[in-house]
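S.K.: With the input below, show me the fold.
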Amino acid sequence: MNLCQWEDMEAEADEMWSFVGDKSQQRWLWHAIDHHSGAVLAYVLATHADEAFVKLKDLLEPFGIIQFYTDGWGAYERLLNPDEHTVGKRNTQKIERKHLTFRTRIKRLARKTICFSKSVVMHDVVIGLFINRFEFGCVI
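M.R.: Reported below is the predicted structural model:
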C-alpha cells in the first residue's frame, strides 16, 4: 500500500519523552502516524521545542495531510491551522498505543530501567534504527 497515493490523509502527531545520561538531558521522539492504518509516516528526535515540530511538519508535507489529531501541547496549537487541527484523546489512541509498543521494545525509552543512553548520538541511532527496521521495513 502506498501512503502517498491516499487522498484526504489524516494523521495523529505526538511527542514521547526520554533522556540521555540523566533526566536533566531530555530527548523527545516527535512522530506522526496515519490515523487510519497506524503506519508511521515520519519522525524527528530532538528537544521539546517548536523547531522539532517544524522539522516533522516539513517531513510530512509530501503526504498532503488535511487533518491533524494531537494532544494539547502548545507547539501544535501555535503551528497548525485551527481548521486542520483537532485536540483530544479520542483521536490519538493509535499513537498513544504506539508509544507503549516503543517503550516495551526499546528499553532506552522505558522510564524505570538500567538501560539508558550515554550519548545523544547513540540514543538517536538506536531509536532511529528500530523505527526504520520495524516501521518502515528498511534493513540496515
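
S.K.: Helices along this structure, start to end?
M.R.: Along the chain, counting by DSSP state H, helices occupy 50-60, 74-79, 93-105, 120-134.

S.K.: How about the backbone phi and psi for residue 71?
M.R.: Per-residue torsions, residue 71: phi -80, psi -170 (degrees, to the nearest 10).

S.K.: Which residue lies nearest the spatial centre of the protein?
M.R.: residue 31 (1.6 Å; Cα atoms, centre = their mean).

S.K.: dump the residue contacts of that residue.
M.R.: 13-16, 40-44, 56, 95, 98, 131 (Cβ atoms under 8 Å, 6 or more residues apart in numbering). Every residue, glycine included, has its C-beta placed from N, CA and C.

S.K.: Just the buried ones from these, in ChimeraX syntax?
M.R.: Command for ChimeraX that selects the buried part of these, burial taken from 16 or more other Cβ atoms under 10 Å:
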select :13,14,15,16,40,41,42,43,44,56,95,98,131
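
S.K.: Of the contacts of residue 31, which is the nearest to residue 81?
M.R.: residue 13 (13.4 Å; Cβ to Cβ).

S.K.: The closest one bridge partners, please.
M.R.: For residue 13, the beta-bridge partners under DSSP bridges are residue 32.

S.K.: Would you mind confirming that it makes contact with residue 96?
M.R.: No: Residue 13 lies out of contact with residue 96 (Cβ atoms under 8 Å); the separation is 11.6 Å.

S.K.: Looking at the helices of the chain, spot the one closest to residue 25.
M.R.: That would be helix 120-134 among the helices of the chain, by Cβ to Cβ, at 7.8 Å.

S.K.: contacting residues around that closest one?
M.R.: With Cβ under 8 Å, 6+ apart as the test, helix 120-134 has contacts from 18, 20, 25, 27, 29, 31, 40, 43, 45, 102, 105-106, 108-109, 117, 138-140.
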